[in-house]
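J.: could you work out the structure for the sequence below:
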Amino acid sequence: MTQLTADIHQATPLHPAALWAIRAAFTSEQVDCTTAVVLKILDNKCKMLPGEKLAVMAIYDVVRHFAAPLFDGTVHAAISTARLQPEPTALEAIHPLRVYAEAAIPKPVMKHYKAFLRDGLFG
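T.: Next up, the predicted model:
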């Protein structure tokens with residue numbers, strides 16, 4: 001466990017999905033996929049159940065600090081703004097980021113990631 005995740009764990013009780021994410025050793029590709037799913041959730045295009053969305057958001061909070069090739073700090077700042085102030089302007093900024101994410105991440109990669117989540121969280 002890194003110092004950052006140890007600090008997070010001590011500060012607040014963690015969602016079980018966040019605890020799993022700490023132990024799962026996400027690859028940079030999986031971090032990008034997590035970010036893409038968060039963008040989809042915030043753009044209201046995600047078909048997950050509310051509890052599943054909450055789990056992905058908890059995972060994102062753990063892994064968003066890890067290095068990943070597709071998304072830089074501006075994307076994470078837009079996500080943070082949309083989560084803290086879910087107003088139309090902030091949410092409108094999410095749409096093009098989601099479209100980019102869906103185009104940039106090949107469908108087989110995302111399918112493998114979703115299987116990784118299912119196996120890790122529910123398997």
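J.: can we go C-alpha only for contacts and neighbour counts from here?
T.: Will do.
J.: can you show me the CA trace of stretch 19-39 as CSV?
T.: Extracted in CSV, the C-alpha atoms of stretch 19-39 (Å, rounded to 0.1, in the frame of the first residue of the first chain):
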residue,chain,number,x,y,z
LEU,A,19,-10.1,-1.5,-0.9
TRP,A,20,-10.0,-4.0,-3.7
ALA,A,21,-8.5,-1.4,-6.1
ILE,A,22,-5.7,-0.8,-3.6
ARG,A,23,-4.8,-4.5,-3.6
ALA,A,24,-5.4,-5.1,-7.3
ALA,A,25,-2.3,-3.3,-8.7
PHE,A,26,-4.0,-1.6,-11.7
THR,A,27,-2.1,-1.3,-14.9
SER,A,28,-1.9,2.1,-16.7
GLU,A,29,-4.4,0.7,-19.3
GLN,A,30,-6.8,-0.2,-16.5
VAL,A,31,-6.5,3.3,-15.0
ASP,A,32,-7.4,4.7,-18.4
CYS,A,33,-10.4,2.4,-18.6
THR,A,34,-11.5,3.4,-15.1
THR,A,35,-11.3,7.0,-16.1
ALA,A,36,-13.3,6.3,-19.3
VAL,A,37,-16.1,4.6,-17.3
VAL,A,38,-16.2,7.6,-14.9
LEU,A,39,-16.6,9.9,-17.9
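J.: can you point out the buried residues in that stretch?
T.: 19-22, 28-39 (16 or more other Cα atoms under 10 Å).
J.: again, but for stretch 108-122
T.: Met110, Tyr113, Lys114, Leu117.
J.: same question for that stretch, mean pLDDT?
T.: Over the span of stretch 108-122, the pLDDT mean works out to 93.
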